[in-house]
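[1] sequence and predicted structure, then a few things I'm wondering about:
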Amino acid sequence: MYLIVGLGNPGAEYEWSRHNLGFMLIDKLAADAGTTVTRRECRSLVGSAVVEDRPVRLVKPQTFMNLSGEAVACLIAKYEVVVAQSLIVVSDDLALPLGSIRLRARGSAGGHNGLKSIIASLGTNEFIRLRIGIQPEHPVSDTRDFVLSRIPRGERLAVQETLARSAEALRTVLRDGMAKAMSLYN
């Protein structure tokens, strides 16, 4: 079983923020699979689905971004998930241009507090991650305000297209493996 964790912050005020792209992708995967992500487990909202003939748990931690690792560690223990093979974490990435995605089998947190929390809680950076670019074309003076601000209406179509491509990238990981997915989407 795969655990696909989308990072974000709970609450309506963050619903369309750049920092919630992980939540948005989980919602898209759930809708595509005809399921919902509403069951409360380990301080998270969880849904069960079958994606590319693989059983998955779709997860939206409700701990706020900086404590995401607590929720993920609880679910890893509960479902006895092999982290390096079956944990996939989806996050936004300020270092990648808007609309781009990047798959990696392991790596650093890259300054992302949600990833830092997961790495610290699990004691490893050996897990699959999908990063979704949010970098603007202009310099950002306050990173926190930028990532927590709402995505402007003019960028939402591009975001929807990026989420569709991200969902297909994750389906490729499940169906064909990381090497194939990375060659197609990175």
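    Ah, there it is.
[2] mean confidence for stretch 134-148?
    Average pLDDT, stretch 134-148: 88.
[3] how far is that stretch from where the chain is centred?
    19 Å (CA atoms, centre = their mean, to the nearest Å).
[4] if I've got this straight, residue 174 is in a helix?
    Yes - looking at residue 174 with DSSP: H, G, I helix; E, B strand; the rest coil, it is inside a helix.
[5] would you quantify the distance from it to residue 143?
    Counting by CB to CB, to the nearest Å, the gap from residue 174 to residue 143 is 32 Å. Bear in mind the C-beta positions are built from the backbone N, C-alpha and C, glycine included.
[6] more neighbours, the two?
    residue 174 (17 against 10; other CB atoms under 10 Å).
[7] which residues touch that one?
    Residue 174 makes contacts with 2, 51-52, 54, 56, as judged by CB atoms under 8 Å, 6 or more residues apart in numbering.
[8] and the nearest residue to it once chain neighbours are set aside, what's its pLDDT?
    Spatial nearest neighbour of residue 174, excluding adjacent residues (CB to CB, 6 or more residues apart in numbering): residue 52 at 4.1 Å. Predicted confidence (pLDDT) for residue 52: 97.
[9] correct me, but residue 52 touches residue 175?
    Yes - between residue 52 and residue 175 there is a contact at 4.1 Å, judged by CB atoms under 8 Å.
[10] just the CA atoms of the longest strand along the chain, as CSV, please.
    Criterion DSSP state E: the longest strand present in the chain is strand 87-97. Only the C-alpha atoms of strand 87-97 are listed here, as CSV (Å, rounded to 0.1, in the frame of the first residue of the first chain):
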residue,chain,number,x,y,z
LEU,A,87,5.6,7.0,1.0
ILE,A,88,5.0,9.8,-1.5
VAL,A,89,4.9,13.4,-0.3
VAL,A,90,3.6,16.3,-2.4
SER,A,91,4.6,19.8,-1.6
ASP,A,92,4.9,23.3,-3.2
ASP,A,93,8.4,24.5,-4.0
LEU,A,94,9.4,28.2,-4.2
ALA,A,95,12.7,27.3,-6.0
LEU,A,96,10.8,25.8,-9.1
PRO,A,97,9.1,28.0,-11.6
